[in-house]
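**Q** Here is my input, please return the structure:
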Amino acid sequence: MKIVPTLLALCATAALCAQTPAPQPDSTLSARVERLETKNSKWSRVLEHLPRISGYLQTGYEWSDNSSTFFIKRIRLSLAGDIVRDRLDYRLQVEFASSPKIVDAYVQYTPCGALNLKVGQYKVPFSIENTDYPPLRLELIDYPMALQRLMGLSEPIGGGTLASTGRDMGATLWGGLIERDGYRLINYDFGVFNGSGINTKDKNRSKDIAARLTLKPVRGLLLSGSYYRGEYGENYLRRVRYGAGVCYDRGAGVVRGEWIGGKTGDTESAGWYVTGGWRATRSLMPVVRYDTYESDTSRASVRQTNYTAGLVWAPVKYLRCQLNYTYEDYADRQTDGRNVLTAMFTGMF
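**A** Here you go, the predicted structure:
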């Protein structure tokens, strides 16, 4: 009867196993894993506060009836980051074309959607294109004439040229009201500025003001009104600007138009433009623009009108190619019209 001793042996083994405690996880390994997770968490917090680095280069070639040249338009390097996530952030952007200069340097406090504060150097909140269409978003190579000549991009003033890229030093309160479907119906900006351009202290005791109100009745549609008033230079040259525009930019199409006027001293200037584009594919967009400007509205002979046709092609994410043809027409019939063909390539990172 060998089966009885066998059954007794199995029962004894089972009882012994029942009394043996289950194996416990290696406490040393658990501690190592916990320390590693803590370390990774600390590094994540450090990385969150490191600046985000980006930049782009714009270079190309321009041919006209009286010139032919390669050019470098912009070389920008940007550092941006959060001091306090979703509350306090900063940005520094440097331009290296021609000579190094700071174009953006600001701190922004955003406690809520309705009321926020920006302090430093940045785009003056005036017009649709100066505020909402930076160079990497603009469909054509150059901004319209009225914006260039009246908002400090290439502005003749005080016997010189104010080339401040549409920026200035100051402080701005901004925000939006009545949120719907992820956007705000009413948006405002109110800023106080030196009025002297970028990287320049004020040259008088007065301060310039800029105010902008935008309405977004439906997604993609923007109605904008802007006002600017100030005094430029040691001679307190009066500088007043006003503008109104409409833009629809959604899906395959974009249509945008603005009227911009102003008074510098006793000289009144005005101009307007209309831009239209069609996103034929995800990478290809033809665009046209009618752009007219009078540097002195009391003299119709100084009017210039530009007719531009362009093509935007973005074959890969970090490359943007633009081709523009412009015919410049002058009201002064003593000045011949000019044909300009420009190709520009933008590399981004």
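**Q** Quick check, pLDDT for Ala18.
**A** pLDDT, Ala18: 46.
**Q** Quick one: distance of stretch 104-124 to the chain centre.
**A** Remark: stretch 104-124 is offset 13 Å from the chain centroid, using CA atoms, centre = their mean, to the nearest Å.
**Q** Residue ranges in the stretch 1-150 of the chain under the pLDDT threshold?
**A** Within the stretch 1-150 of the chain, the ranges that satisfy pLDDT under 70 run 1-27, 39, 42, 44-46.
**Q** cutoff 50 now
**A** The model of the stretch 1-150 of the chain has pLDDT under 50 over residues 1-8, 10-18, 20, 22-23.
**Q** which residue ranges form the strands in it?
**A** Along the stretch 1-150 of the chain, counting by DSSP state E, counting those that start in this stretch, strands occupy 52-64, 67-84, 88-95, 101-109, 116-123.
**Q** For these, please prepare TSV with the additional fields distance to Trp43 and mean neighbour count.
**A** From N, CA and C alone the C-beta is placed, and that goes for glycine too. Below are the strands of the stretch 1-150 of the chain laid out as TSV (distance: least, CB to CB, whole Å; neighbours: other CB atoms under 10 Å):
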stretch	distance to Trp43	mean neighbour count
strand 52-64	17	15
strand 67-84	16	14
strand 88-95	21	17
strand 101-109	25	17
strand 116-123	30	19
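**Q** and the gap between Arg149 and Ile209?
**A** Distance of Arg149 to Ile209, given as CB to CB, to the nearest Å: 20 Å.
**Q** one step back: would you mind telling me which of the strands of the stretch 1-150 of the chain is nearest Thr292?
**A** Thr292 sits nearest to strand 52-64 of all the strands of the stretch 1-150 of the chain, at 19.2 Å, using CB to CB.
**Q** Tell me which other helices or strands the closest one touches.
**A** When contacts are defined as 3 or more CB pairs under 8 Å, 6 or more residues apart in numbering; DSSP states H and E, strand 52-64 packs onto strand 67-84, strand 338-348.
**Q** Let's have those strands in a markdown table, adding distance to Tyr232.
**A** Below are those laid out as a markdown table (distance: least, CB to CB, whole Å):
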| stretch | distance to Tyr232 |
| --- | --- |
| strand 67-84 | 25 |
| strand 338-348 | 30 |
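**Q** where do the helices sit along this protein?
**A** Secondary structure of the chain (DSSP state H): helices located at 3-19, 27-49, 128-132, 145-150.
**Q** quick one, what contacts Lys263?
**A** The neighbours of Lys263, taking CB atoms under 8 Å, 6 or more residues apart in numbering as the test, are 238-240, 269.
**Q** again with Thr69
**A** Taking CB under 8 Å, 6+ apart, we find Thr69 in contact with 61-62.
**Q** Relative to Ile141, how far out is it?
**A** From Thr69 to Ile141 the distance is 14 Å (CB to CB).
**Q** Glu95 too?
**A** Counting by CB to CB - Glu95 and Ile141 are separated by 17 Å.
**Q** same check, this time on Lys201
**A** Counting by CB to CB, the gap from Lys201 to Ile141 is 32 Å.
**Q** quick one: which of those two has more around it?
**A** Just comparing Lys201 and Ile141: by other CB atoms under 10 Å the higher neighbour count belongs to Ile141, 22 against 7.
**Q** circling back to that earlier point, so between Arg149 and Ile209, which is more surrounded?
**A** Arg149 (25 against 15).
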